[in-house]
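1. coords please:
(one chain, ligands or ions: 1)
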Amino acid sequence: MSAEKEYILDEISQHTTTESCWLIIGNASNGGPKVYDVTKYLDDHPGGAEVMLDVAGQDADEFFEDIGHSKEARAELKNYLVGNFKIDAATLAKMKADAEAKAQQKNSGTGIMLIVLMALFAIAYGYYQTQMK
Ligand code: HEM
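-> Purely as a prediction, here's the structure:
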């Protein structure tokens with residue numbers, strides 16, 4: 001079996017037009033990010049060419065998943081596979097930083113929730129105490 005071709009972001013990001021439109025789709029849950037040349041599919045896409053051109057040359061996985069594409073759409077996708085997305089050191093570092101920033105946001109969100117919950121509990125307890133007297 002020949003090894004699948006690998007592309008780095010620098011190369012993928014050149015393909016952003018109706019002449020040549022590439023997308024990165026895929027994540028850890030479905031075999032990893034892969035590169036698709038969807039140029040020929042632009043006019044056939046039921047969601048229109050514009051949405052695909054908006055994310056051309058980039059990681060479009062989140063957009064692709066958010067729409068909730070059907071099984072048929074996922075099968076169609078396979079026809080346009082050109083290779084794997086090779087994450088270079090700079091992209092990996094950026095993805096790590098983004099993930100950490102997101103995780104931190106989540107944590108601070110949980111922290112605030114905890115404080116609000118404790119405050120509510122304190123009020124409820126105070127109320128309970130006054131009612132018991
Ligand atoms: C090669 C990649 C893609 C394929 C093969 C594909 C295929 C399809 C298909 C078959 C549908 C019809 C509904 C369904 O069967 O799920 C659809 C709808 C749609 N797609 Fe895609 N799609 C691709 C990429 C994308 C991307 C990257 C976006 C967004 C950035 C997108 C946005 C949409 C939207 C907005 C609709 C319309 C949904 C609706 O009307 O409810 N698609 N796509």
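2. right, and I12 touches K34 too?
-> No. Counting by Cβ atoms under 8 Å, I12 stays clear of K34, with 10.7 Å between them. The way it works is simple: take the backbone N, C-alpha and C, and place the C-beta from them, glycine included.
3. shared neighbours, these two?
-> Residues within reach of I12 and of K34 at once, by Cβ atoms under 8 Å, 6 or more residues apart in numbering, are I24, F85.
4. list the buried residues for stretch 44-51?
-> By neighbour count on 16 or more other Cβ atoms under 10 Å, the buried set for stretch 44-51 is A49.
5. now name the helix or strand holding the most centrally placed residue in the chain.
-> When Cα atoms, centre = their mean is applied to the chain, the residue found nearest the centroid is E62 (3.0 Å). Secondary structure assignment for E62, by DSSP states H and E: helix 61-67.
6. alpha carbons of that helix, as CSV, please.
-> Below are the C-alpha coordinates for helix 61-67, written out as CSV (Å, rounded to 0.1, in the frame of the first residue of the first chain):
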residue,chain,number,x,y,z
ASP,A,61,-14.1,20.4,10.4
GLU,A,62,-16.0,22.4,13.0
PHE,A,63,-18.3,23.9,10.2
PHE,A,64,-18.7,20.5,8.5
GLU,A,65,-19.7,18.9,11.8
ASP,A,66,-21.9,21.8,13.0
ILE,A,67,-24.2,21.4,10.0
